[in-house]
Structures are given as C-alpha cells and as structure tokens.
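Trainee: with the sequence up front, the predicted model follows.
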Amino acid sequence: MPPLAVVLLLLSAILHTTWNLLLKQTDEKFVSTWWAVLVGSVIFLPALLFTGFPARQTWILLLASVCIEVIYYGLLSRAYSDSDFSLIYPLARGSAPAFIVLWSTIFLGEALSPGGWVGLVVIILGLFIVGSNGVLSTQTKPHTAGILLAIMIAWLISIYTVIDGAAVKQTSAFPYAIVVFFLAPVLTSPLVIRNYGRQRLIEVWNQDRGRITAIGLLTVCAYLLALASYSIAPVSYAGAIREVSVVLGALAGWRFLGEKMGRQRLMGSVIIFIGVLIIASAG
C-alpha cells in the first residue's frame, strides 16, 4: 500500500466517524441527511467549472453509485433511529471489508493473499463479538433489527465502494464525488418533499442548520479522501483500511453519547481493527 493512500484513508476514517456521530445526534435523521448531502455538494459544485465533469465512460457507474447511496443513507438514518451508534457504526463499517474483498476479486480482478484471508477471519470474529453483544443485551429495546440493518448497510457500502473504486481509476475523483453527492439528494427531492412536506424540511433546516452544514462538509471531504486513495491503491485493501473508524465509532458512542458499550463490544471493535490492520499490512 502506498503510504500516501494510508494517510488519506486514516484522515477519511476520522472525518467519517465525526459526521456519523453528528448525524446520530439529530432529531429528524433522514431529512438531516438529505439536507447535509445537498448542502455539502452545492458548496463544492462551483469547482466543476475548473475541473470539468467526470469522464463520459464513468457515468453508468456514477448513476449506479447514486442509486445505491440513496438506499444507504435511508437505511443508515433508520438504523441510527432504532439502535446504539456504538453498535451500528462498528458493525456496518466493520462488515464492509469482507464484502469489498469479495466484489473486488470478482469484478476488479484483485487477488486475495493469504494475509488477506487471515484478516477477514479476524474481522468476522470481531463482528460476532460485537453483534452477539447486541443480541444478548438486557436492555428493553431489542437490537436484532439494528444488527440486520447494519449488515445490509455494510453490503451497500461494499457495492458502492467497488463501483466508485472502478470509476476513479478512469476519471478524476473530485468531480466524480461532487456529482454523485449532488445527484443523490436532487433525484430523491420529490419523494422527500411528498413524505415530509416543504414546511417540515424548512423546520429541520432552521432548527439544525449548523450541524447539518458540518455533516455535509465532512461527508464530502471524507469520501473525497477515500476516492483519492482508491485511485492509487487496490480497492480491496483500501476499503478495509478505511474501516479503522469502527473503533473510533464504538468509542465515540460510549464517550460522547453515553451509550453502554461494555467490555464485549469494545473488545469486538478492537479485534475488527486488528483484522483491518492485517489486511492492510499482510494482504
């Protein structure tokens, strides 16, 4: 792995954890997400006048990514409404590398080394520890549905990661990311307005515009850094390294949201992190 790619991915992980933590603290999560992605992309949109649009041959990949990410944001908002941040975030982000390696091997022709397989086994072990903590929880709110949502989110993450990884090897990462983030909220605007109403959208914006703007900026910047790394490193390994954010997410939910993470969930998050490091160094 190029050192520059590792640095970009670590910075991306920090920003990604931060915007997810901010989103968890909003009241109307889906509307806040819609606003954040729209505002974040619009802020960067004028830069397209200087960079140009993504290469023509990547537009099919771009539109496919937009569709997947629309579903991803919807499920993410629902999961954060129902379950602990320190459960959903590590489980969703920690599961993704296993799927990413699979899709990268099948569709991008990236071979998995013995070290990569070891890392995947370690990640799966960590996922089992984190997930069983949620299933066996004695809290009144069951976590089974949240765990299933987290796995679905991980599956979606892996799909759009591989799609975007393939695209940015053919075009510049910056215009590609900005167009993806702009089209996602624009295409869903009719549905969002119909379900929530213009007045509710305005209320959510006025109530939390500062946090929403911060989420939007962090979202775009985090993924720009990730795409830049995908353009210079194998997607299977880059996608795995980015998920070092699982430990940050677990700790953030415990430290800033007062969630009862417990030793088991912390241990599972650390094991996932170790698996990610194995893939990064020996994969």
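Mentor: On my side now, so go ahead.

Trainee: only C-alpha atoms for contact and neighbour calcs from this point on.
Mentor: Will do.

Trainee: measure how buried R242 is and give me the count.
Mentor: Using other CA atoms under 10 Å, R242 has 29 other residues around it.

Trainee: mind listing what the residue nearest to it when sequence neighbours are not counted touches?
Mentor: Leaving aside its sequence neighbours, R242 sits nearest to L9 (CA to CA, 6 or more residues apart in numbering; 5.0 Å). By CA atoms under 8 Å, 6 or more residues apart in numbering, the contact set of L9 is 225-226, 229, 238, 241-242.

Trainee: next one: L9 relative to L45, how far apart?
Mentor: Using CA to CA, to the nearest Å, one gets 23 Å for the distance from L9 to L45.

Trainee: one more: V180?
Mentor: Applying CA to CA to V180 and L45 gives a distance of 11 Å.

Trainee: neighbour count: these two, which is higher?
Mentor: Taking other CA under 10 Å, V180 and L45 do not tie; V180 has more neighbours (22 against 15).

Trainee: and the more buried one, what pLDDT?
Mentor: Note for V180: predicted pLDDT of 92.

Trainee: who touches it in this structure?
Mentor: 62-63, 65-66.

Trainee: equivalent analysis for W205, please.
Mentor: 32, 35, 212.

Trainee: so which residues of the stretch 51-200 of the chain form helices?
Mentor: Using DSSP state H, counting those that start in this stretch, the helices of the stretch 51-200 of the chain run over residues 59-82, 85-107, 114-135, 144-167, 173-196, 198-230.

Trainee: and those, which is most packed in?
Mentor: helix 85-107 (a mean of 25; mean count of other CA atoms under 10 Å).

Trainee: got a pLDDT number for L4?
Mentor: Listed pLDDT for L4 reads 88.

Trainee: could you measure the nearest residue to it once chain neighbours are set aside against L102, distance?
Mentor: Of all residues not flanking L4 in the chain, S229 sits nearest, at 7.7 Å (CA to CA, 6+ apart). Note on S229: its distance to L102, by CA to CA, is 19 Å.

Trainee: ditto for I212
Mentor: From I212 to L102 the distance is 34 Å (CA to CA).

Trainee: with A47 instead?
Mentor: A47 sits at a distance of 35 Å from L102 (criterion: CA to CA).

Trainee: swap in I151?
Mentor: For I151, the distance to L102 - CA to CA - is 15 Å.

Trainee: spit out the contact partners of C221.
Mentor: C221 makes contact with 12, 15, according to CA under 8 Å, 6+ apart.

Trainee: again, 10 Å this time
Mentor: 11-12, 15-16, 40-41, 44, 174, 177-178, 215, 227 (CA atoms under 10 Å, 6 or more residues apart in numbering).

Trainee: again, but for G146
Mentor: G146 is in contact with 75-76, 78-84, 87-88, 91-92, 131, 134-135, 152, counting by CA under 10 Å, 6+ apart.

Trainee: G253 is nearest to which of the helices of the stretch 51-200 of the chain?
Mentor: Closest to G253 of these is helix 85-107 (CA to CA; 4.7 Å).

Trainee: now that closest one: average pLDDT?
Mentor: 77.

Trainee: who are the packing partners of it?
Mentor: Secondary-structure packing of helix 85-107 (3 or more CA pairs under 10 Å, 6 or more residues apart in numbering; DSSP states H and E): helix 3-24, helix 59-82, helix 114-135, helix 144-167, helix 235-242, helix 245-256, helix 262-282.

Trainee: out of these, flag the one nearest L108.
Mentor: L108 lies closest to helix 144-167 among the helices and strands packed on helix 85-107, at 7.4 Å (CA to CA).

Trainee: compute the inter-axis angle for the closest one and helix 198-230.
Mentor: Using axes from the mean of the first three to the mean of the last three CA atoms, to 10 degrees, the direction of helix 144-167 lies 50 degrees away from that of helix 198-230.

Trainee: just put the contacts of C221 in TSV and tack on distance to S113.
Mentor: Output for those, formatted as TSV (distance: CA to CA, whole Å):
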residue	distance to S113
L11	26
S12	25
L15	29
H16	28
G40	38
S41	37
F44	38
F174	31
A177	30
I178	34
I215	37
L227	23
